[in-house]
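Engineer: Sequence first, predicted model second:
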Amino acid sequence: MSAVIAVEDLAVRFSTDHGEVEAVDGASFDVRPGEILGLVGESGSGKSVTAMALLQLIRKPGRIVRGEIVFDGRDLCRLSEEELASIRGAKIAMVFQTPRTALNPLITVGEQVARLYALHGGLSSAVSRRRAVDMLRLVGIPEPERRSRQYPHQFSGGMCQRVMIAMALASAPRLLIADEPTTGLDVSTAARILDLLRDLGRDTGASILLITHDLGVVAATCQRVAVMHAGQMVEIAPVRALFARPAHPYTRALVRSIPRADREVTMEPIPGAVPSLLEPPPGCRYVGRCPWVEDRCRREKPSLSEHAADHLVACFAVEDRRAAV
Amino acid sequence: MADIARPPTSSSASLPASLRLIGLRLRRNWPSATALAIIVLMILAAVFAAWIAPYDADATSAEAALQAPSLHHWLGTDVYGRDLLSRIIFAARVDLAVAFGATALALAIGATIGAISGLHLGWVDLIIMRCVDSVMAFPAFILAMAITAALGNTVTNVLLAIAVTQVPIYLRLVRGEILRIREMEYADAARVVGNPPWRIVFVHLLPNCLPPIIVQATLAMGYALLTMAALSFIGLGIRPPQSEWGSMTAEGAQYIVTGEWWLFLFPGFAIVLMVLSFNLVGDGLRDFLDPRMRGVR
Amino acid sequence: MPLCEVQDLQVRFPLRGLQAWLRTLKDGAPPVVRAVDGVSFAIEAGTTLGLVGESGCGKSTVARSLVRLVEPAAGSIRLDGTELTTLDDDAFARVRPSLQMVFQDPTASLNPRLSVRRAVEEPLKLHTDLAATERRARTDAVLEEVGLGADLAERYPHELSGGQRQRVNIARALATNPRLVVLDEPTSALDVSLRARVILLLEELRSRHGLSYLFISHDLATVRYLTSRVAVMYLGVIVEEAWTAELFAHPAHPYTRALLAAVPVPDPDAKRDPFVLSGEIPSPIDIPAGCRLRARCPLARPVCAEPVPVREIAPGHRVACHLV
């Protein structure tokens, strides 16, 4: 099964007055056909920067310093702006956290979706408008004919997010990147947006990279999860394995640190703080917070290695324990 | 993105480190840094004019009249034989003093009324803003002309005229900032903690309005200089024999046809240089004080 | 007697603009938003009441009217037996030390130009006669208590992390030894790992000082952890109120049930209650008569158009629904 997109050893740096900030340090992962991959991490973990890097949208003072992003057999890092333009929005689409600011307030919602059909599919305006209404119906907008003639300010936040998803899907992308698509929405609205993403993944065959800080969202939506900490990819696992048998000390701490609505739990906060990404030392970046830290972790960076079937972990201590068993 | 690139704690940076940062920023924005240096030099020259100017600015001399720039008179002399460089340096005193004075006065009046307007919405605000609108309905320069023409063109009246034309700018700016900041959560927090209204205004609201006001005031300095020079140029500003860049330019303009170009060029250049410098510094400050620029710099 | 008792609280906001004016012509009366429409609850000393609901339900307006950031149109708010709504501003200022609030956005609620020390010291300056050295000592003690070292005291908000900023806000609220602290979504702007620590800190401070909290939140997981009682708000009214364990185990109101069903649970095998409401929260300008939820409720029947009774279905468990 070949991946839709394969990221290998991606590193992104930002130059600041204080020095070099390494926001992403050697991230590797792939998104498989038809799956929803969750990319989880706290703010500063580099998950959004990774998403922007996939679309080659890292702007100054940031830059991709190494790594490759293989999509359709081509390394996106080596493509020209024109070649990228034919991929962005068409084959890889993105849904942002703030749907309202991403919509043009002066154009009706239906028209905004229809224009994308005209652009990507080369359809006539009548056909593309009909397709737009169909798509609005698909993403769960009630009375799509009437609503498509309305303007964004007449839509609620959840409805705007649905429109954004409709727009992202208009080009039938192979990969949809959703960056915190439900943050800022009410719980019941968020739940329905997630249901929608899950169904769309199934119905359209598009793969989804879902970026979130909420493990609940991951559990409810994703098939696999990639966990990032301070710019490093620490664990990639199928969602059940990740919640049942988290391996990396950070993932273990993360899973234990959240309160739950469905049962009484004891909450244990993760010790320490997210380390500074400013000229970070070599080695694992979790060393300052890790209960299993050893000398080697400070010198060398552990790479992702197979811990169990389809379950990758980047941790020397986990490797040692497995070897001991 | 800005959040990611910012190191979580930067305050522990030692003094040399912060000096390095300031140096870095100055170098990055070298036009503004140069402009700032020019302004500082000009202010110093104005303050110490008596020591710096090579000649007495008012000393006339028949044999030295209308000399082209030379080693003795770097910028030449005028029809009365007065040294042009010395006159430009002494003129800086008046020009800068009036510009500073007018800006300060306009700022004081504008900020006070603007704050009142922003805090007491309703009819107080309505009346103030309609008054401002009627002032702004006049082209600023015509208004300044009218004031000096009516009151007489003394230094004080020129200052007053320029100040009046600038009051609305600060008033609107401060009102807008107050309206924005009073909706911030920290204004609510200040209320909940039990701050009396005057403390909320002076401790929590006004200090946070300062950055855009400082920028505006710097830009307005250039504008004040230009207005004053223009008033003098058409004879409604500060009158000779007081040396002033605008009136010197006006005088000099008469000599262009006869070939004494320096009389027009150098005072004009002084005006352009200062206006440009204030604008560049204002732009630089805008970037420097913008909190959004603090993350990734 | 409960520490804080709120009875039939009502807050209305007048509408402005052209449409409001047209409606005035049509209806004869200027339109108002009934943001809070008759809310009653009580908070026992030393306990936490959670007030939950989705955006626009009026929960923040309740919080803000308690600390007089908005004026209630009617109703009574009693703190320790003192009626607060009738106090003039000077008298209310004397109550403020014992009634504090922590806001949602840890960054926006700190004046960027005040150092940590000045921010935390300010309430002491305003409300106590402490000498400068005593104030300093008290400030250091409060900062210590929220887990901020003395080395942070001279810093400015932009030099702190989000979690540290929220600790400063908590320290400022605690400086004057309040009885009741209103917490308006204090953890929703924080990252997961910081959230856990702030929650534990709040809980620890409550038990150590016998504080009472009114905890406003849309995050049911946090509410479950932090509160002893929960009131659920929908469209300006409380639809259900119960002890926390009871509410999460036996949600009775359809709205509570839908809310609980929608919370994502960090467990891929969790069974989800498929109970969902249709549509979205309507505008509080056009509140439907009878049950406010009925247009969205899958269980709605004709009787729901009648005024809704509030029934006590178990000790301390009150529900406003025809169907329970």
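Structural biologist: On my side now, so go ahead.

Engineer: right, and the secondary structure at C:Q7 would be what?
Structural biologist: Classification of C:Q7 using DSSP: H, G, I helix; E, B strand; the rest coil returns strand.

Engineer: Identify the residue nearest residue 78 in space, chain neighbours excluded?
Structural biologist: Since you didn't name a chain, this refers to chain A. Ranked by Cβ to Cβ, 6 or more residues apart in numbering or on different chains and with sequence neighbours excluded, the top spatial neighbour of A:R78 is A:E68, at 8.0 Å. Every C-beta, even on glycine, is put in place using the N, C-alpha and C of the backbone.

Engineer: look at chain C instead
Structural biologist: Closest to C:R78 by Cβ to Cβ, 6+ apart is C:E5, at 4.4 Å.

Engineer: give me the number of residues near the one you found?
Structural biologist: Per other Cβ atoms under 10 Å in any protein chain shown, the neighbour tally for C:E5 reads 18.

Engineer: Kindly state the beta-bridge partners for it.
Structural biologist: For C:E5, the beta-bridge partners are C:A42, C:R78 (DSSP bridges).

Engineer: Quick one, grab the pLDDT at it.
Structural biologist: pLDDT recorded at C:E5 is 95.

Engineer: Would you check that it makes contact with C:E44?
Structural biologist: No. C:E5 is not in contact with C:E44 according to Cβ atoms under 8 Å; the separation is 10.0 Å.

Engineer: looking at the chain, which helix or strand is least sure?
Structural biologist: With no chain named, the answer covers chain A. Counting by mean pLDDT, DSSP states H and E, chain A has its least confident helix or strand at helix A:99-102, which shows a mean of 76.

Engineer: meant chain C, my bad for not saying
Structural biologist: helix C:18-27 (a mean of 78).

Engineer: Is any residue of that helix near chain A?
Structural biologist: No. For helix C:18-27, no contact with chain A is found by Cβ under 8 Å from any Cβ of the partner chain; the gap never falls below 13.2 Å.

Engineer: Mind listing residues that contact that helix?
Structural biologist: With Cβ atoms under 8 Å, 6 or more residues apart in numbering or on different chains as the test, helix C:18-27 has contacts from C:P14, C:L15, C:P30, C:P31.

Engineer: any idea which of those residues has the most stuff around it?
Structural biologist: When neighbours are taken as other Cβ under 10 Å, the top entry among those is C:P31 (18 neighbours).

Engineer: Next one, pLDDT for the residue lying closest to B:G176 once chain neighbours are set aside please.
Structural biologist: With Cβ to Cβ, 6+ apart as the criterion, B:G176 has its nearest non-adjacent residue at 7.5 Å, and that residue is B:G118. Per-residue confidence (pLDDT) for B:G118: 86.

Engineer: now the helices for the stretch 201-325 of chain A?
Structural biologist: For the stretch 201-325 of chain A, the helices defined by DSSP state H, counting those that start in this stretch occupy A:215-221, A:239-244, A:249-256, A:295-299, A:316-324.

Engineer: one step back: buried by neighbour count: which residues of the least confident helix or strand of chain A qualify?
Structural biologist: A:P99, A:R100, A:A102 (16 or more other Cβ atoms under 10 Å in any protein chain shown).

Engineer: Would you quantify the distance from the second one to A:V133?
Structural biologist: Between A:R100 and A:V133 the distance, using Cβ to Cβ, to the nearest Å, works out to 21 Å.

Engineer: Nearest to the middle of chain B, which residue? Look it up for me.
Structural biologist: The centroid of chain B falls nearest to B:M221 when counting by Cα atoms, centre = their mean (1.3 Å).

Engineer: Can you say which helix or strand has C:L110 in it?
Structural biologist: In the assignment (DSSP states H and E), C:L110 maps to no helix and no strand.

Engineer: Next: B:D283.
Structural biologist: helix B:262-289.

Engineer: What's the local residue count around C:P254?
Structural biologist: C:P254, neighbours per other Cβ under 10 Å, totals 25.

Engineer: for A:I208, that is, sorry about that
Structural biologist: A:I208, neighbours per other Cβ under 10 Å, totals 27.

Engineer: Could you do B:A144 as well?
Structural biologist: 28.

Engineer: In contact with the residue nearest to it when sequence neighbours are not counted, which residues are there?
Structural biologist: Nearest-residue entry for B:A144: B:A161, 4.3 Å, with adjacent residues in sequence omitted and distances by Cβ to Cβ, 6+ apart. With contacts defined as Cβ under 8 Å, 6+ apart, B:A161 is in contact with B:L143, B:A144, B:M145, B:I147, B:T148, B:L151, B:L231.

Engineer: Just checking the distance from the one helix or strand B:A161 maps to to the centre of its chain.
Structural biologist: Assessed by DSSP H and E, B:A161 sits inside helix B:155-181. On the basis of Cα atoms, centre = their mean, to the nearest Å, helix B:155-181 sits 12 Å off its chain's mean C-alpha point.

Engineer: Next: stretch C:12-25.
Structural biologist: The chain centre lies 28 Å from the centre of stretch C:12-25; the measure is Cα atoms, centre = their mean.

Engineer: Sort out which residues of it are buried, please.
Structural biologist: Using 16+ other Cβ under 10 Å as the test for burial, stretch C:12-25 gives C:R12, C:F13, C:R23.

Engineer: what's near enough to touch residue 201?
Structural biologist: Unless you meant another one, I'm taking chain A. A:G34, A:E35, A:I36, A:S207, A:I208.

Engineer: let's do chain B instead
Structural biologist: With contact taken as Cβ under 8 Å, 6+ apart, B:V201 is in contact with B:A115, B:L119.

Engineer: That one: what secondary structure?
Structural biologist: Going by three-state DSSP: B:V201 is helix.

Engineer: give the contact list for the closest residue to chain B within the stretch 101-250 of chain A.
Structural biologist: Residue nearest to chain B within the stretch 101-250 of chain A (Cβ to the nearest Cβ): A:G231, separated by 8.7 Å. Shown in contact with A:G231 (Cβ under 8 Å, 6+ apart): A:E22, A:A23, A:V24, A:D25, A:A27, A:S45, A:G46, A:L277, A:P280, A:R285.

Engineer: Check B:I128 too.
Structural biologist: B:I113, B:I116, B:S117, B:L171.

Engineer: which residue ranges form the strands in the stretch 101-250 of chain A?
Structural biologist: In the stretch 101-250 of chain A, the strands defined using DSSP state E, counting those that start in this stretch lie at A:175-179, A:207-212, A:224-229, A:232-238.

Engineer: can you list those in TSV and add distance to chain C and mean pLDDT?
Structural biologist: Output for the strands of the stretch 101-250 of chain A, formatted as TSV (distance: least, Cβ to the nearest Cβ, whole Å; pLDDT from 0 to 100):
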stretch	distance to chain C	mean pLDDT
strand A:175-179	14	93
strand A:207-212	10	94
strand A:224-229	10	96
strand A:232-238	9	96
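
Engineer: May I see those strands organised as a markdown table, with distance to B:A217 added?
Structural biologist: Formatted as a markdown table, the strands of the stretch 101-250 of chain A follow (distance: least, Cβ to Cβ, whole Å):
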| stretch | distance to B:A217 |
| --- | --- |
| strand A:175-179 | 41 |
| strand A:207-212 | 44 |
| strand A:224-229 | 46 |
| strand A:232-238 | 48 |
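
Engineer: Among those strands, which comes closest to B:E177?
Structural biologist: Of all the strands of the stretch 101-250 of chain A, strand A:175-179 sits nearest to B:E177, with 32.4 Å by Cβ to Cβ.

Engineer: Need the three-state assignment for the residue of the stretch 151-300 of chain C found nearest chain A.
Structural biologist: Going by Cβ to the nearest Cβ, chain A is nearest to C:P264 of the stretch 151-300 of chain C, at 3.1 Å. Following three-state DSSP, C:P264 is assigned to coil.

Engineer: next one: the one 4 residues further on
Structural biologist: Remark: C:P268 carries the secondary structure label coil [criterion: three-state DSSP].

Engineer: Would you mind naming what in the stretch 151-300 of chain C lies close to chain B?
Structural biologist: So far as Cβ under 8 Å from any Cβ goes, the stretch 151-300 of chain C lies against chain B at C:R155, C:Y156, C:H158, C:E159, C:L160, C:S161, C:N169, C:R172.
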